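**Q** Need the 3D shape of this:
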Amino acid sequence: MTINQEQRKTKVAQRHIARAAIDLACEAYSVEASEIFQPNRSLAHISLARQVAMYLAHVVGQLSLRQLSEEFNRDRTTVSHACHIIEDRRDSPLFEQQMAFLEQKYKAKIVNLYRNWLSVSSYYDGDGSVAV
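**A** Got it, this is the predicted structure:
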């Protein structure tokens, strides 16, 4: 497998991990995914959903701040700030329970992503052709 193929696979995996966090945060906060990607300042509940998605993808999904800045189309410092905001809010027992619940759901989503990824990848040879 060439470096470009490996980089593409990594980028696709990164996008799926980020998208799973976005979908979960959108579901939890009744927000549309398109609202998460709005380039300007948003309403508080949209900003919170975006911050939670960034936090989950960073802490649980193990994406770097740089990777998240690419996926969310935000500056790396904005992503860092979002993660700090969520970490600070976890001092509230109710918010801590909500985040623990979301983390468990997100971990399950990631496990399913990897299972699907491995089952699909096993059908392909290193050169991208279908294995027989």
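**Q** From here on, just use CA atoms for contacts and neighbour counts.
**A** OK.
**Q** Can you give me the buried ones in the strand or helix carrying residue 79?
**A** Element membership for residue 79 (DSSP states H and E) is helix 76-89. For helix 76-89, a neighbour-count test (16 or more other Cα atoms under 10 Å) marks 76, 79-80, 82-83, 86 as buried.
**Q** and which of the residues you listed is nearest residue 58?
**A** Proximity of the buried residues of helix 76-89 to residue 58 (Cα to Cα) peaks at residue 83, which lies at 7.9 Å.
**Q** Is that closest one in contact with residue 57, as I believe?
**A** No: counting by Cα atoms under 8 Å, residue 83 stays clear of residue 57, with 9.8 Å between them.
**Q** tell me the SS of residue 74?
**A** coil (DSSP: H, G, I helix; E, B strand; the rest coil).
**Q** how close does it sit to residue 67?
**A** 10 Å (Cα to Cα, to the nearest Å).
**Q** Neighbour count: those two, which is higher?
**A** Set residue 74 next to residue 67 and count neighbours by other Cα atoms under 10 Å: residue 67 wins out with 19 against 15.
**Q** Okay then, goodbye and thanks.
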